[in-house]
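Colleague: Please find the sequence and the predicted model below.
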Amino acid sequence: MTIQEAGWYWADGDPEGTKRYWTGEAWAPGIVGLEPWQRVGAKVIDYAVLYACGSLLGLIFRGGFVNFYLQILLMLIVGVCYEVGFVTTKGGTPGKLILGLRIVEVENGVTPPDGSVAALRWSPALIGVIPFAGPIALIGIFLMCAYWLFSDPNRQTVYDRIAKTYVVKIPKSQTIL
């Protein structure tokens, strides 16, 4: 590659339609724009983990109106800690890490993103706590995410666009949990 400023470019040998971050001196390891089904698989793994946590909370706080809302509040806290904690410390949730995916900032290709970026990435899910309209709006966000995941060449969902992040595939030789 000729001397070029830092940014996202296609690299020789990478699949057509993908790009990776050029630091100005070397290529960063993550590739953007690959198969979207890996992200779907990562989300299924993460939901399975969160479902297990929710089931455990359900066993602990059974029955009653107050316990139901306490369980919802605790699941919200668990979800935020899970997503923000793993993204800021490891660069991705366990589902993403298992499948060799990482979250990077669009501006500089850095992983893991800092806490504010990770929190911003999770923020659209908070709309779900609004009574009645929240769950309907969350379905709309889910549908927009699915549409953009499969149609956008950078595979950016609503969460990625808000936080200005990409989810990149890391080569197996460079993946570590």
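Modeller: Thanks, I have the structure now. Residues are numbered from 1 along each chain as shown.

Colleague: could you point out which element follows the host helix or strand of Gln71?
Modeller: Taking DSSP states H and E as the criterion, Gln71 maps to helix 65-90. Using DSSP H and E, the helix or strand that follows helix 65-90 in sequence is helix 94-98.

Colleague: Name the residues of that following helix that come out as buried.
Modeller: Of all the residues in helix 94-98, those buried under the rule 16 or more other CB atoms under 10 Å are 94-97. All C-beta spots, glycine's among them, are computed from the backbone N, C-alpha and C.

Colleague: Tell me the one of the residues you listed nearest Gly30?
Modeller: Distance to Gly30, by CB to CB, is smallest for Lys96 among the buried residues of helix 94-98, at 11.4 Å.

Colleague: Would you confirm that the closest one contacts Gly41?
Modeller: No - assessed by CB atoms under 8 Å, Lys96 is found out of contact with Gly41, at 9.5 Å.

Colleague: picking up where we left off before, for the helix holding Gln71, give the mean pLDDT please.
Modeller: Mean per-residue pLDDT for helix 65-90: 84.

Colleague: And that helix, how far out from the chain middle?
Modeller: Taking the mean C-alpha point of helix 65-90 and that of its whole chain, the gap between them comes to 16 Å (CA atoms, centre = their mean, to the nearest Å).

Colleague: Against which helices or strands is it packed?
Modeller: Contacts defined by 3 or more CB pairs under 8 Å, 6 or more residues apart in numbering; DSSP states H and E place helix 65-90 against helix 37-60, helix 94-98, helix 115-122.

Colleague: now the helix-or-strand element of the chain with minimal mean pLDDT against helix 115-122, angle please.
Modeller: When the helices and strands of the chain are scored by mean pLDDT, DSSP states H and E, helix 65-90 comes last with a mean of 84. For helix 65-90 against helix 115-122, the angle by axes from the mean of the first three to the mean of the last three CA atoms, to 10 degrees is 130 degrees.

Colleague: what sits against Val49?
Modeller: Val49 makes contact with 82, 94-95, according to CB atoms under 8 Å, 6 or more residues apart in numbering.
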